[in-house]
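[1] My questions concern the predicted model and sequence given below.
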Amino acid sequence: MPTGIYKRTREHGVKISQAIMGHRTSDETREKIKESNLGKKRSEMTKMNMSISMQGLKRHLGIKHTEETKHKMSLSHVGLQTGESNGSWKGDNIGYSGLHGWIRKILGKANNCEECLTTKARRYEWANINGEYKREPSDWKQLCRKCHIAFDKREGRWGDASRKFKLRKYGGNIAIL
């Protein structure tokens, strides 16, 4: 139907919409559309209309995936954005809370104390053994809060961890106010 000759009614719009529903545009056609739109100057009114039309648009609402499909989707993402393949990976140049979160992810939540052997404490934490705070799971042990404080005091590290991370982050150039 040539444009400009026939006046389209609401009924025409509904029929056209139903005709293309479920139709997937080929990658070649998408590329052509992308190239034709590159560098186009749009009026402020057009930009505003495009913005309004996209507001509240949630394309996948109401789509229910089967358990099998969910499982397949989960397996397809395994390892893609974890560890060194993640764009935000910092290696050993990681912050205090980031390192502790990583340790919890690798070793799980601390649930007993390796010093006093209690399992009845309110809180358990992962304590760094040698004080270098590296991504080495064997360099961490589970302690209850009481034993963790005693361990850090005994090693001369009580209250020192955050300062050590700041020194490492700023290359040793930090002014203590």
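    Cool, got the structure.
[2] C-alpha only now, for contacts and for neighbours.
    OK.
[3] where's the residue most central in space within the chain, which helix or strand?
    Of all residues in the chain, the one closest to the mean position by C-alpha atoms, centre = their mean is residue 81, 8.4 Å from it. Using DSSP states H and E, residue 81 maps to neither a helix nor a strand.
[4] got the contact list for it?
    Contact partners of residue 81, counting by C-alpha atoms under 8 Å, 6 or more residues apart in numbering, are residue 87.
[5] distance of it from residue 114?
    Distance of residue 81 to residue 114, given as C-alpha to C-alpha, to the nearest Å: 33 Å.
[6] swap in residue 61?
    Per C-alpha to C-alpha, residue 61 is found 48 Å from residue 114.
[7] more neighbours, these two?
    Legend: neighbour count by other C-alpha atoms under 10 Å for residue 61 and residue 114, higher for residue 114 (13 against 7).
[8] how about the more buried one, secondary structure?
    Assigned with DSSP: H, G, I helix; E, B strand; the rest coil, residue 114 falls in the coil class.
[9] pLDDT wise, what is it at?
    At residue 114, the model reports a pLDDT of 90.
[10] Surely it touches residue 141?
    Yes: using C-alpha atoms under 8 Å, residue 114 is in contact with residue 141, at 6.9 Å.
[11] phi, psi of residue 128?
    phi -80, psi 130 (degrees, to the nearest 10).
[12] Now it. Nearest residue, chain neighbours left out?
    Nearest residue to residue 128 in three dimensions, chain neighbours excluded: residue 140, at 4.6 Å (C-alpha to C-alpha, 6 or more residues apart in numbering).
[13] tell me the mean pLDDT for the helix or strand containing residue 73?
    Element membership for residue 73 (DSSP H and E) is helix 67-76. Average pLDDT, helix 67-76: 90.
[14] tell me, how many neighbours does residue 11 end up with?
    Residues near residue 11, counting by other C-alpha under 10 Å, number 9.
[15] What separation do you get for it and residue 53?
    Residue 11 sits at a distance of 20 Å from residue 53 (criterion: C-alpha to C-alpha).
[16] Helix, strand or coil: sort out residue 11 for me.
    Following three-state DSSP, residue 11 is assigned to helix.
[17] mind starting the numbering at 53 from now?
    Got it, the first residue is 53 from now on, which makes the last one we talked about residue 63.
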